[in-house]
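>>> sequence and computational prediction follow.
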Amino acid sequence: MRWLWSSALVLVLVWAGLVGPGGTVGEAAAAVAGAPAPAFEVVTFAGEAYSRDSLKGQPTLLVFWASWCPVCQKELPVLGRFYTKDKPGQLRVLSIGFSDLRGNIERYVKAHPESFVFPTAFDIDNDVAQAFKVTATPTLVLLDAQGNIVLVHRGAGVLQNPQFREFLAGLKG
């Protein structure tokens with residue numbers, strides 16, 4: 001009887017889009033590893049434009065976050081330290097505030113300069129997040145130099161993610 005309830009719960013969650021067919025939470029809504037990154041364009045608060053095409057040739061970590069997100073508030077300083085101390089030189093980090101008001105994102109960035117040592121943009125109308133099928137904050141998307149999605153990581157701890165660490169080790173040679 002227990003298996004029946006478990007199966008029914010998985011079916012309901014798959015139907016709701018919360019669990020992928022393999023039973024992993026969130027897969028149904030995430031961009032797919034191995035797929036090319038969707039076309040997108042953002043402009044940072046410093047006025048720099050970034051797009052899928054402009055990022056080709058350099059591996060990139062996209063960090064989708066919101067100022068109201070407590071996990072983001074803890075993870076962004078960790079990423080700032082990583083960016084300044086540990087990241088391989090060829091890895092680009094691009095922060096994208098979404099699911100928030102532009103003013104909130106700008107104020108948060110200005111109030112935390114030690115965290116935002118990498119370019120930061122605001123995703124107007126959440127178009128970029130929707131293109132990557134991002135539904136949670138924070139979500140980190142790792143792109144290889146060819147512009148393909150290597151990893152989609154939700155929540156804190158991307159620096160401890162074995163797949164992320166393996167990717168970084170490959171960059172360091």
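That came in fine, so what should we check first?
>>> so which strand or helix has the residue nearest the centre of the chain?
With distances taken as Cα atoms, centre = their mean, the residue of the chain nearest its centroid is residue 140 (2.0 Å). Here residue 140 sits within strand 139-143, counting by DSSP states H and E.
>>> immediately after that strand, which helix or strand?
With DSSP H and E, the next secondary element past strand 139-143 is strand 149-154.
>>> partners of that following strand, with directions?
Sheet pairing of strand 149-154 (DSSP bridges) gives strand 139-143 (antiparallel).
>>> CA atoms of the partner strand as CSV?
What follows is strand 139-143, C-alpha atoms only, in CSV (Å, rounded to 0.1, in the frame of the first residue of the first chain):
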residue,chain,number,x,y,z
THR,A,139,19.8,29.2,-9.3
LEU,A,140,23.3,29.0,-10.8
VAL,A,141,23.8,27.9,-14.4
LEU,A,142,27.2,26.9,-15.6
LEU,A,143,28.0,27.4,-19.2
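>>> now that strand: buried residues?
Within strand 139-143, the residues that count as buried by 16 or more other Cβ atoms under 10 Å are 139, 140, 141, 142, 143. (C-beta placed from N, C-alpha, C; glycine too.)
>>> picking up where we left off before, can you tell me what sits against the strand holding residue 140?
30-31, 37, 55, 59-64, 129, 132, 134, 149-154, 158, 164, 167 (Cβ atoms under 8 Å, 6 or more residues apart in numbering).
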